[in-house]
Each structure stands twice: as C-alpha cells, then as structure tokens.
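Engineer: sequence isn't available, so here's the structure alone:
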C-alpha cells in the first residue's frame with residue numbers, strides 16, 4: 001500500500017497484494033485515516049471483478065457514515081455494475097473532483 005496525503009484526502013494505491021488483504025489492511029488503518037477522504041487507486045491491478053469491488057462495501061459505508069468520501073478508481077469496472085453505496089470512477093481526476101464536490105455539499109449541509 002502506498003499512501004499519499006494531499007490536504008484532507010489520502011490516496012491509497014494498491015500494489016501487489018490481493019484485494020481481500022488490501023481491504024483488511026485498510027480496515028486496520030481506519031483509526032489513523034478516519035478523518036480523511038479516501039481515494040483508492042486500483043490502476044495497478046491487471047484484473048478486477050465486481051466481487052473484488054464489493055469487498056470495499058463495508059469500509060466504504062463506514063467512511064460515508066462518518067461524513068467522509070470514499071472513492072475507488074478503476075476503469076475495469078463500470079459504476080453501473082456495483083452497488084449504489086460504492087463510488088467508483090474511471091480516472092484519478094474524476095475522483096478528486098468528486099471528493100471536492102462532496103466536501104462542498106457537506107459544507108452546505110446537503
């Protein structure tokens with residue numbers, strides 16, 4: 001896992017571990033990251049399935065209930081294929097834009 005913090009957003013890049021191990025390590029780090037917005041960059045994965053993305057559902061819900069953004073970046077799975085509770089975008093720029101929009105909405109109490 002590679003962590004890159006930019007302001008109130010942490011970008012986490014998946015390297016060589018399995019998705020299940022990655023999610024477990026992310027859950028283990030929750031206490032130190034709970035005040036951040038999270039962008040999970042999965043571009044290094046050659047193959048990823050809808051089941052892999054669904055592994056992130058529990059931690060995604062945890063961040064969102066804490067009024068934080070949790071965005072997964074991959075162009076191998078469409079947002080139409082995953083549950084509505086999971087936010088998935090095809091590019092890192094879209095992830096940044098989405099986090100910024102959600103921050104504005106939270107500031108305006110939407």
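Structural biologist: Noted; the coordinates are in hand. All values derive from a computational prediction rather than experimental measurement. Numbers count the residues shown, from 1 in each chain.
Engineer: list the contacts for the residue most central in space within the chain?
Structural biologist: Nearest residue to the geometric centre of the chain (Cα atoms, centre = their mean): residue 71, 3.3 Å. Counting by Cβ atoms under 8 Å, 6 or more residues apart in numbering, residue 71 touches 37, 38, 39, 40, 87, 88, 89, 95, 98, 99. Heads up, the C-betas are built off the backbone N, CA and C, glycines and all.
Engineer: over to residue 22?
Structural biologist: 1, 14.
Engineer: helix or strand: which one has the residue nearest to the centre of the chain?
Structural biologist: Residue 71 belongs to strand 70-73 when assigned by DSSP states H and E.
Engineer: residue 3 now?
Structural biologist: Per DSSP H and E, residue 3 falls inside strand 2-6.
Engineer: list the buried ones in stretch 4-18?
Structural biologist: Using 16 or more other Cβ atoms under 10 Å as the burial criterion, the residues of stretch 4-18 that qualify are 9, 10, 11, 12, 13, 14.
Engineer: er, stretch 35-44 I mean
Structural biologist: Buried residues in stretch 35-44, defined by neighbour count with 16+ other Cβ under 10 Å: 36, 37, 38, 39, 40, 41, 42.
Engineer: quick one, what contacts the residue nearest to the third one when sequence neighbours are not counted?
Structural biologist: Same thing as residue 38. Leaving aside its chain neighbours, residue 38 sits nearest to residue 70 (4.9 Å; criterion: Cβ to Cβ, 6 or more residues apart in numbering). Taking Cβ under 8 Å, 6+ apart, we find residue 70 in contact with 37, 38, 40, 56, 59, 60, 63, 64, 87.
Engineer: cool, residue 63 as well?
Structural biologist: Applying Cβ under 8 Å, 6+ apart, we find residue 63 in contact with 34, 37, 38, 69, 70.
Engineer: re the thing from before, the contacts of residue 70 in strands, which ones?
Structural biologist: 37, 38, 40, 87 (DSSP state E).
Engineer: looking at these, spot the one nearest residue 109.
Structural biologist: Closest approach between the ones in strands among the contacts of residue 70 and residue 109, by Cβ to Cβ: residue 37, at 17.3 Å.
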